[in-house]
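> show me the folded form of this:
(chains A and B)
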Number of protein chains: 2
Amino acid sequence: MKVLKIPEPTVVRLSLYSRFLNQANDKGMDIISSDEIGVAVGIPSAQVRKDLSYFGEFGIRGVGYRVKDLCEQVDKLLCVNQPWPVVIIGAGHLGKAMATYKGLLDRGFEVVALFDTDSDAIASSASSEEVSDNLPIYPLRELERVVQEKKIKMGIIAVPAESAQSIAEALIQTGVASIINFAPVVLNVPEHVEIRNIDLTVNLEVLSFNLGMRSS
Amino acid sequence: MKVLKIPEPTVVRLSLYSRFLNQANDKGMDIISSDEIGVAVGIPSAQVRKDLSYFGEFGIRGVGYRVKDLCEQVDKLLCVNQPWPVVIIGAGHLGKAMATYKGLLDRGFEVVALFDTDSDAIASSASSEEVSDNLPIYPLRELERVVQEKKIKMGIIAVPAESAQSIAEALIQTGVASIINFAPVVLNVPEHVEIRNIDLTVNLEVLSFNLGMRSS
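Numbers count the residues shown, from 1 in each chain, chains lettered A, B, ... in the order given. Purely as a prediction, here's the structure:
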């Protein structure tokens, strides 16, 4: 396979295709058309064909793609053909929601530990089944040990805005350089670190902006 | 103010500026430069100036912007100078995390009700303080009544993938046409409905793709 520079919007779409293709493969489908993929993921089929032209050899002109082969190649490109252990910092509702979200494990992302500074949250995890059975909540001082033991490269920040910067620094110090940040704050990080922000408020404000435009 | 077609990436950045400008205004700052805004939100100052050129009259050449006036105008454009009542469907960890997230109310988005089909979740909300004091969890059959009573235009879907489409349809039937969807599935909706998907897995896969590219 050629290694090309693939723009981020394409990577996002490949992730959507991959999820659908894996479902199709699990159902035993052999061949799939760009139209079928497009309808399933809500993307025009011409765009699907363009994106999948990176994987030209799996297309059969006028027929479609071999599901199994295409699946494997897309997953390989996305690097989801290998497991990725992940840590979550913040064991509130959001951290627990992410920790118990089955969709992550389906795609190879295994949450191996939650961390919190709140000793109540930590104590309660010992006795209750609030998170899942095998998922401990550790105090933050254990972060470095766990990250190194489990060779973790990805972290999810699910703490309040005021703690997010120091949590990011703690993660980076342990060697985690790929971070999802749910806190509504811009994190200052070194250049080699990749942060992706998921910001509910910003998304709601795009909605309110569009509602405003419609009614004006 | 001129009404111009503003592209979505600009709206996203305006939302970030607005959050910061409101904080600056609360601290009593009078004038702010594009450099200061840029550093705070992690966007190059030339881009800040370009985005804020929509609000030209609040810039003082060589000095900066009048914080209070700029704040008001940006908030007006984003339509966050008015309250937006919001409903959340799904009272699991994710729904509760969103419902108790203070950042929403700070920006005028008030979660007025949670809905769930799980009668255990509903019963427990009557006796415990798991969500907040004034936030009831209703059974889904109450959705239409609440949406109409409270004139709700925005909904957040925080249910598993397999229920998300039917929940979207229920929301749309009540008149809610602006939806945030956390379920990892593409929703089929009429053209007048705006869906914004927030997908953790896709974000993690952009990280794994980039980690793979770096190490290859």
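> surely residue A:72 touches residue A:81?
Yes: in this structure, residue A:72 is within contact of residue A:81 by Cβ atoms under 8 Å, at 7.1 Å. Yep, even glycine has a C-beta here, placed from its N, CA and C like the rest.
> and residue A:134, how far from chain B?
17 Å (Cβ to the nearest Cβ, to the nearest Å).
> would you map the strands across chain A?
A:31-32, A:59-60, A:64-66, A:84-89, A:109-116, A:137-139, A:154-157, A:178-181, A:194-197 (DSSP state E).
> quick one: is the first one near chain B?
No: no part of strand A:31-32 sits close enough to chain B to count as contact by Cβ under 8 Å from any Cβ of the partner chain; the gap is at least 15.4 Å.
> parallel or antiparallel, which strands does that strand pair with?
Strand A:31-32 sits in its sheet next to strand A:64-66 (antiparallel), going by DSSP bridges.
> cool, the second one as well?
As defined by DSSP bridges, the strand partners of strand A:59-60 come to strand A:64-66 (antiparallel).
> ok, the fourth one next?
Using DSSP bridges, the strands paired with strand A:84-89 are strand A:109-116 (parallel), strand A:154-157 (parallel).
> could you dump the ones you listed to CSV with mean pLDDT, distance to residue B:21 and mean neighbour count?
Converted to CSV, those look like this (pLDDT from 0 to 100; distance: least, Cβ to Cβ, whole Å; neighbours: other Cβ atoms under 10 Å in any protein chain shown):
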stretch, mean pLDDT, distance to residue B:21, mean neighbour count
strand A:109-116, 95, 32, 22
strand A:154-157, 98, 24, 26
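> for these, give me a markdown table that also has distance to residue A:145.
Formatted as a markdown table, the strands paired with strand A:84-89 follow (distance: least, Cβ to Cβ, whole Å):
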| stretch | distance to residue A:145 |
| --- | --- |
| strand A:109-116 | 10 |
| strand A:154-157 | 15 |
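> next up, the contacts around the most centrally placed residue in chain A.
The centre of chain A sits closest to residue A:104, judged by Cα atoms, centre = their mean, with a distance of 7.2 Å. For residue A:104, the contact set (Cβ atoms under 8 Å, 6 or more residues apart in numbering or on different chains) comprises A:86, A:98, A:110, A:111, B:200, B:201, B:204.
> hey, what's the fourth one bridged with?
I take that to be residue A:111. The partner list for residue A:111 in beta bridges (DSSP bridges) reads residue A:86.
> how about the contacts made by it?
Going by Cβ under 8 Å, 6+ apart, residue A:111 touches A:86, A:87, A:88, A:98, A:99, A:104, A:105, A:135, A:156.
> ok, 6 Å please
Applying Cβ atoms under 6 Å, 6 or more residues apart in numbering or on different chains, we find residue A:111 in contact with A:86, A:88, A:99.
> which of these lies closest to chain B?
Of all the contacts of residue A:111, chain B sits closest to residue A:86, with 7.3 Å by Cβ to the nearest Cβ.
> what about the longest helix along chain A, distance to the chain center?
Counting by DSSP state H, the longest helix found in chain A is helix A:8-26. On the basis of Cα atoms, centre = their mean, to the nearest Å, helix A:8-26 sits 13 Å off its chain's mean C-alpha point.
> residue A:20 contacts residue A:39, correct?
No: under the contact definition of Cβ atoms under 6 Å, residue A:20 does not touch residue A:39, with a separation of 9.9 Å.
> settle it for me: which of the two has more neighbours?
Under the criterion of other Cβ atoms under 10 Å in any protein chain shown, the comparison of residue A:20 against residue A:39 puts residue A:20 first, with 19 against 16.
> compute the number of surrounding residues for the residue lying closest to that one once chain neighbours are set aside.
Nearest residue to residue A:20 in three dimensions, chain neighbours excluded: residue A:40, at 4.8 Å (Cβ to Cβ, 6 or more residues apart in numbering or on different chains). For residue A:40, the count of nearby residues is 20 (other Cβ under 10 Å).
> hmm, back to that, and which of the contacts of residue A:111 is nearest residue B:68?
residue A:88 (38.8 Å; Cβ to Cβ).
> list the contacts of that closest one.
Counted by Cβ under 6 Å, 6+ apart, residue A:88 has contacts A:95, A:98, A:99, A:111, A:114, A:156, A:158.
> against chain B, how distant is the first one?
Per Cβ to the nearest Cβ, residue A:95 is found 8 Å from chain B.
> now swap in the fifth one and tell me
Using Cβ to the nearest Cβ, we find residue A:114 at a distance of 12 Å from chain B.
> now residue A:101. Nearest residue, chain neighbours left out?
residue B:200 (7.0 Å).
> for burial, what's the neighbour tally of residue A:10?
16.
> in chain A, which helix or strand is least confident?
Every helix and strand of chain A was ranked by mean pLDDT, DSSP states H and E. The lowest is helix A:119-127, at a mean of 59.
> and chain A, which residues reach chain B?
Contact residues (Cβ under 6 Å from any Cβ of the partner chain) of chain A with chain B: A:11-12, A:15, A:41-42, A:78-80, A:84, A:93-94, A:96-97, A:103, A:107, A:109, A:154, A:178, A:180, A:184, A:186, A:194, A:196, A:201-212.
> selection in PyMOL covering whichever of those are buried, please.
Only the buried entries of those go into this PyMOL selection, using 16 or more other Cβ atoms under 10 Å in any protein chain shown:
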select buried, chain A and resi 11+15+41+78+79+80+84+93+94+96+97+103+107+109+154+178+180+184+186+194+196+201+202+203+204+205+206+207+208+209+210+211+212
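> ends of stretch A:77-92, how far apart?
33 Å (Cα to Cα, to the nearest Å).
> give me the contact list for the longest helix of chain A.
Contacts for helix A:8-26 (Cβ under 6 Å, 6+ apart): A:32, A:37, A:40-41, A:51, A:67-68, A:71, A:74-75, A:78, B:202, B:205-206, B:209.
> go through those residues and flag which are in helices.
Using DSSP H to define helices, the subset of the contacts of helix A:8-26 located there is A:37, A:40-41, A:51, A:67-68, A:71, A:74-75, A:78, B:202, B:205-206, B:209.
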